[in-house]
Each structure stands twice: as structure tokens, then as C-alpha cells.
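Colleague: sequence below, structure please.
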Amino acid sequence: MMSKREMRSEALRRRDQIPREAVRELSALVRNNVEALPEYAKAETVASYVSMDNEVQTSDLLKEALQRKKRVIVPRSDMRAGRLTFHEIHSLGELRPGAFGILEPQGSASVPLSDAQLILVPVVAWDYRGGRLGYGKGYFDRELRSKGRGLAAGLAFESQRRAALPLTPSDVPLDAVATEERVIRFGRANLA
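Modeller: Just a heads-up that it's a prediction; the model follows:
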């Protein structure tokens, strides 16, 4: 089996080869699957990453959640502490480039991730055990340890699935993955 670093590099290379128009089209299908989740319908607070590059795009999902009057919290990187803090936004216009060039909230007090009933997580690669490879810094894994009862759903393309990932004890498994084709749950009770 490839090392985590090799698998991450290969998965990012493959994802970056997806044409931008295809990313937009596939992301719309992922969004439909997320919005069909009972947890999404019932969520008062949704936590989500802000997409960049060829990740599953989240801007339309965030706009829709805001239009539905859901509380939306997104991460800001604290590079000195090596962690994320989540902050409420009321529009995407509040976001500015931050760490790693990712759009981040600038003001507002941090909100505990445990306040969210649904947590949308970026994925570089995933497997059928709920394993997830991120970007290698462990930021989301550290925060997912404090998620409470919220459903942690990775947003991914089917092409990002691998037979098995080389996981370590510091990797926090996902509760579900939403792709352009389906939502897969990993043995977690439905919270709806």
C-alpha cells in the first residue's frame, strides 16, 4: 500500500485533472445529496469548509443554508496553534483570503463545533470504512474530536474513493460521505 503522502499526492494530482466545468456540475449533484439529508433539513447550525481549487464546491451550499436561515459557521486557521476555529457568517461577502489562500471569516467570536448538527468536511481521498485523507496538517481531525453529536459528512467525488487508506490513530473517521452519486453512512445511527 502507498504511504499517506504518496496517496495524498496521487489523489490531489487526479482531482486537479478534473476540468473546472465538471467540478461545478459534480458539485451541484453533491449539493443535492447533502440538501436531501434529514440532518441538513433539521440542522439549525451547519459547519462547512470554504472550498478552493477543485474541491467539491461549497459556495452554493453555503448560500442556500443562509437563505434557509440556518446558522452557518466556517473555519479560520490558527497556524500558530495548528488548529481551526469556527465563526458565524451571514454572507459569503464577509470572507477574505487567509491562511493557505483559503477564504476565511475575519471577525466574530468563535463558535464551538459541537454547536453544529451537520459538519461538512473537505476530502482528498476516502474509503468505505469512513476513512478520510485531508491535506496532511490534521486541522480538521483535531476539531472533529470535539464535534459532539453532529454528523461529520465528507464532501467528495466518486473518483476520490480508494479501496483502503493508510490511516493512523490521529485520523478521525467520517460518519458519512456525500458524492455526486450517493450518500454513504458508516455505521452511525441516523440523528434525524
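Colleague: outside of whichever helix or strand Glu25 is part of, which residues touch it?
Modeller: Assigned by DSSP states H and E, Glu25 belongs to helix 20-35. The contact list for helix 20-35, computed with C-beta atoms under 8 Å, 6 or more residues apart in numbering, reads 18, 40, 51, 54, 56-58, 60-61, 64, 120, 153, 155-157, 178-183. C-beta coordinates here come from the backbone N, C-alpha and C atoms, glycine included.
Colleague: in strands, which of these fall?
Modeller: Per DSSP state E, strands hold the following members of those: Leu120, Ala153, Leu155, Ala178, Val183.
Colleague: centre-most residue in the chain?
Modeller: Centroid-nearest residue in the chain, with C-alpha atoms, centre = their mean: Val121, separated by 1.6 Å.
Colleague: just checking, that one touches Val172?
Modeller: No: using C-beta atoms under 8 Å, Val121 makes no contact with Val172, being 9.2 Å away.
Colleague: and Ser110, what does it touch?
Modeller: With C-beta under 8 Å, 6+ apart, Ser110 has these contacts: Thr85, Phe86, His87.
Colleague: ok so, going back, ok, now which ones touch the closest residue in space to the residue nearest to the centre of the chain that isn't next to it in sequence?
Modeller: Distances taken as C-beta to C-beta, 6 or more residues apart in numbering put Gly154 closest to Val121, at 4.8 Å, once the chain neighbours are dropped. Taking C-beta under 8 Å, 6+ apart, we find Gly154 in contact with Leu120, Val121, Pro122, Val123, Trp126, Arg132, Leu174, Ala176, Val177, Ala178.
Colleague: quick one: the strands in the protein?
Modeller: With DSSP E, the ranges of strands along the chain come out as 45-48, 71-78, 83-89, 95-97, 103-105, 110-111, 118-122, 125-126, 132-133, 151-155, 176-178, 183-185.
Colleague: residues making contact with the third one?
Modeller: Where contact means C-beta under 8 Å, 6+ apart, the residues beyond strand 83-89 that reach it are 47, 62, 66, 71-78, 95, 105, 107-113, 116, 139-140, 142-143.
Colleague: packing partners for the helix-or-strand element of the chain with minimal mean pLDDT?
Modeller: For the chain, counting by mean pLDDT, DSSP states H and E, helix 139-144 ranks last in confidence among helices and strands (a mean of 90). Applying 3 or more C-beta pairs under 8 Å, 6 or more residues apart in numbering; DSSP states H and E, one finds that helix 139-144 makes contact with strand 71-78, strand 83-89, strand 118-122.
Colleague: run through who's touching the shortest one.
Modeller: Among residues not part of strand 118-122, those counted as contacts by C-beta under 8 Å, 6+ apart are 34, 37, 39-40, 43, 45-49, 51, 55-56, 58, 61, 113, 132, 134-135, 140, 144, 147, 150-155, 174.
Colleague: same thing but at 7 Å, please
Modeller: Outside of strand 118-122, the residues within contact range by C-beta atoms under 7 Å, 6 or more residues apart in numbering are 34, 39-40, 43, 46-49, 55, 58, 113, 132, 134, 140, 147, 150-155, 174.
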